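> compute the structure for the input listed below.
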Amino acid sequence: MSDWKGSLMKSRWMEWLALILFLVCFSVVSFYHEPWFDEAQAWQIAKCASIWDILFEVPHYEGHLPLWHLLLAVPAKSGVPFELGLKVVAALPTIVAVCIILFRAPFPKVVRLLLPFHYFVFYQYGVVSRPYGLMLLAFLTLALTFREKDIRPWPFGLSLIFLCFTSAYGIVLAGGISLCWVIDIGREYIGRGIFALWKDKRVQVLLMVLLVALAAIAVILPREDTYATEMTAQNSLLERLIYTCAAIIPDCFFSKLLPYSFINKAYFSLYRLLPMALLGVVFLIIMLGCAGKKKGKYFLVPFFMFGVFSALIYSCSHHIGIVFLMILFWSWINQEDATRYSVGRKKLHGISISGCMRKWMVATVRALILVCIVVPVWWSVSAAILDVECSYSCGREIAQFLKVSGLSDAKILAPWELESSNGERDERNTDFYEEMNTNHLALYTSEINAYFDKNIFLNLNDGRDEYAYFNHKRTSKEDNIRNLQKWKEKGYPDVILDPSSLSVLFGDDKNLPRYYPVYKAKCAMIWKPNCIANEDDFVCLYLREDLIKQYGLEGIQ
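Model (predicted):
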């Protein structure tokens, strides 16, 4: 037995070394990474919301299935510190996925050794703690069970259900893969009669997947007052479809066409969009040319369903990594047939290829694979360095200052969304109270609250500790008037995070006290190899003039 283990270690020593290197780098960058809104919001829901709300109320406003919140609820409700609990839960599926890639993936060794350091494996879906690490693991379990899905359908079916539970995108993608499976099964039963289908275990599994998917859709179906459903597009549907159905492929591997933004709010230069879309089409053609028999649809169908869903409903920059996950799954199931279908052979799916053309195709495919792996690894290295050097979020820094200064027990007012043209209160303007959302406070309120055992903001859900997170509900004119009146009745706040909030709340109050800045924190979003920030991108705490000496603080510039 010891000889067998020693032989295994010796034959896989590069994989073990890559795993150790991954764990070391991942741990270091995760330690320095400051969780931002997406991460903190999920933790706050897991910590504060009841299990009933996590299962049946929150998903309608978050657009996510409750699996991620339920996993976080174990440490969050047990009193585990925010960053420790969040990062451990997020790391587990990523580490398991990396082990599967290193030791089970049917790729060449150099590819397996580099894939764990891909930008969307290591950084965006690993270091940045969100449910996409679960999606990565779901796709890998699908790849592991794909070959025997017609013999042992339940493992593959359960993997599809797992994919459904990861996010709304997971439901769409599981539906696309299931549809491909239905087509394959249907071909077997041509001429045999539809009643024979009911005895097929695969059909029973697919019915179960369908029922789970329908239940999942019912759970996340947006309510009428869900905030995210009112997002106005700033580009055309055609532009978004060109991006999500073609240009997105090179963008998840080596191009930087899309900035960090919601896709429906991004500006697409046609001079850059169209060439990238053309390149994406070339990718699709090459992928289909290298595909195993009947396998092409297992990428095309879910890919275009994802593209249409992203263009029509909702998508953000970090979601483009989902395309990488689809390609990873599809490459895995095709690589298993590499001995039968290879661009290195004289025939490609029955098509004769000349020696010169064969060499050109092999060289092209290998060059593309190299570029598509090396560039994202470079992105990971750059992002890791930037995350260590810069503050990804200001939540940790501000929370520490509030604790040390004692201001966490003061009355803190956070700014809310105000779309008025001049930002000034004018009760004669009937649209004034409609052009705001008093439920939608600054994102860093969740980032800061996550470091406390209570809700420190007087105007976040009325300061209730059991709702120390965003509810993502739209407010009506009546809601806004009522909320502003309640906040005003609490008197002048001790601390504010935006001076303009006072004029909106108290109007022309002649006795309005003065506030001085006492702390300033700067943060920057990291996207691919860049740090997205500008000189004015900071959060400032303002303290009421009569309290500065009481807290032993001084005003800053």
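
> CA only for contacts and neighbour counts going forward, please
OK.

> and Leu65, how far is that from Tyr392?
Distance of Leu65 to Tyr392, computed by C-alpha to C-alpha, to the nearest Å: 26 Å.

> comparing the two, which residue is more hemmed in?
Leu65 (26 against 23; other C-alpha atoms under 10 Å).

> just confirm that one contacts Ala215, I think it does.
No. Between Leu65 and Ala215 there is no contact under C-alpha atoms under 8 Å: 10.4 Å.

> pull the number of nearby residues for Pro222.
Pro222 has 17 neighbouring residues, counting by other C-alpha under 10 Å.

> got any ranges where the stretch 451-557 of the chain has weak pLDDT?
Residues of the stretch 451-557 of the chain meeting the criterion pLDDT under 70: 533-536.

> by mean pLDDT, flag the weakest helix or strand of this structure.
Ranked by mean pLDDT, DSSP states H and E, the weakest helix or strand in the chain is strand 347-348, scoring a mean of 46.

> check contacts around Ser380.
When contacts are counted by C-alpha atoms under 8 Å, 6 or more residues apart in numbering, Ser380 touches 117-119, 122-123, 528-529.

> how about a cut-off of 10 Å?
117-124, 374, 386, 527-529 (C-alpha atoms under 10 Å, 6 or more residues apart in numbering).

> out of these, which sit inside helices?
Using DSSP state H, the members of the contacts of Ser380 that fall in helices are 374, 386.

> among the contacts of Ser380, which ones are buried?
117-124, 374, 386, 527-529 (16 or more other C-alpha atoms under 10 Å).

> pull the most distant pair out of these.
Val374 and Leu386 (18.5 Å; C-alpha to C-alpha).

> so what's Tyr467 up against?
44-45, 47-50, 454-455, 460-461.

> start to end distance for stretch 138-157?
11 Å.

> how distant is it from the center of its chain?
For stretch 138-157, the separation from the chain centroid amounts to 25 Å (computed by C-alpha atoms, centre = their mean, to the nearest Å).

> try stretch 37-53
Worked out by C-alpha atoms, centre = their mean, stretch 37-53 lies 16 Å from the chain centre.

> then stretch 136-156?
Centroid separation for stretch 136-156 versus its chain: 24 Å, with C-alpha atoms, centre = their mean.

> likewise stretch 19-31?
On C-alpha atoms, centre = their mean, the centre of stretch 19-31 falls 20 Å from the chain's centre.

> neighbouring contacts of it?
With C-alpha under 10 Å, 6+ apart, stretch 19-31 has contacts from 13-18, 33, 83-84, 87-88, 91, 95, 98-99, 102-103, 113, 116-117, 122-123, 126-129, 381, 383-388.

> so for that stretch, what's the average pLDDT?
The average pLDDT for stretch 19-31 rounds to 97.

> again with stretch 91-105
Here the average pLDDT along stretch 91-105 is 97.

> right, and Lys454 touches Cys48 too?
Yes. Using C-alpha atoms under 10 Å, Lys454 is in contact with Cys48, at 9.2 Å.

> for the record, mean pLDDT for the strand or helix carrying Glu397?
Element membership of Glu397 [criterion: DSSP states H and E] is helix 395-405. Averaging the model's pLDDT scores along helix 395-405 yields 95.

> give the buried residues for that helix.
395-399, 402.

> what do you get for stretch 147-163?
In stretch 147-163, counting by 16+ other C-alpha under 10 Å, buried: 149-150, 153-163.

> those helices in the stretch 401-550 of the chain, which residues are they?
444-449, 477-489, 500-506 (DSSP state H, counting those that start in this stretch).

> residue contacts, Ala233?
240, 262-266, 311-312.

> and which of the residues you listed is nearest to Leu71?
Phe262 (26.9 Å).

> now for the nearest residue to the closest one once chain neighbours are set aside: which residues touch it?
Of all residues not flanking Phe262 in the chain, Cys316 sits nearest, at 4.2 Å (C-alpha to C-alpha, 6 or more residues apart in numbering). Counting by C-alpha under 10 Å, 6+ apart, Cys316 touches 258-266, 310.

> ok, the residue lying closest to Arg514 once chain neighbours are set aside to Pro517 distance?
Excluding the flanking residues, the one nearest Arg514 by C-alpha to C-alpha, 6+ apart is Glu545, at 5.6 Å. From Glu545 across to Pro517, the span is 10 Å (C-alpha to C-alpha).

> higher neighbour count, those two?
Relative neighbour count places Pro517 above the other of Glu545 and Pro517, with 22 against 16, counting by other C-alpha under 10 Å.

> that one pairs with what?
Judged by DSSP bridges, the bridge partners of Pro517 are Tyr542.

> residue contacts, it?
By C-alpha under 10 Å, 6+ apart, the neighbours of Pro517 are 495-499, 540-545, 548, 553-557.

> any stretches of the stretch 201-350 of the chain with poor pLDDT?
By pLDDT under 70, the low-scoring segments of the stretch 201-350 of the chain are 229-231, 292-293, 336-350.

> where do the helices of the stretch 101-250 of the chain begin and end?
So, for the stretch 101-250 of the chain - with DSSP H, counting those that start in this stretch - the helices run 109-114, 132-146, 153-166, 168-188, 201-220, 237-242, 248-251.

> to Asp465, which of those lies closest?
Checked against C-alpha to C-alpha, the stretch from the helices of the stretch 101-250 of the chain lying closest is helix 201-220, at 24.5 Å.

> CA atoms of that closest one as CSV?
Extracted in CSV, the C-alpha atoms of helix 201-220 (Å, rounded to 0.1, in the frame of the first residue of the first chain):
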residue,chain,number,x,y,z
LYS,A,201,-35.0,6.2,-16.2
ARG,A,202,-33.4,9.1,-18.0
VAL,A,203,-36.9,10.6,-18.7
GLN,A,204,-37.8,10.2,-15.0
VAL,A,205,-34.6,12.0,-14.1
LEU,A,206,-35.3,14.8,-16.5
LEU,A,207,-38.8,15.2,-15.2
MET,A,208,-37.4,15.5,-11.7
VAL,A,209,-34.9,18.2,-13.0
LEU,A,210,-37.8,20.0,-14.6
LEU,A,211,-39.9,20.0,-11.4
VAL,A,212,-36.9,21.3,-9.4
ALA,A,213,-36.2,24.0,-12.0
LEU,A,214,-39.9,25.2,-12.0
ALA,A,215,-39.9,25.3,-8.2
ALA,A,216,-36.6,27.3,-8.3
ILE,A,217,-38.1,29.8,-10.8
ALA,A,218,-41.1,30.2,-8.5
VAL,A,219,-38.8,30.9,-5.6
ILE,A,220,-36.8,33.7,-7.4
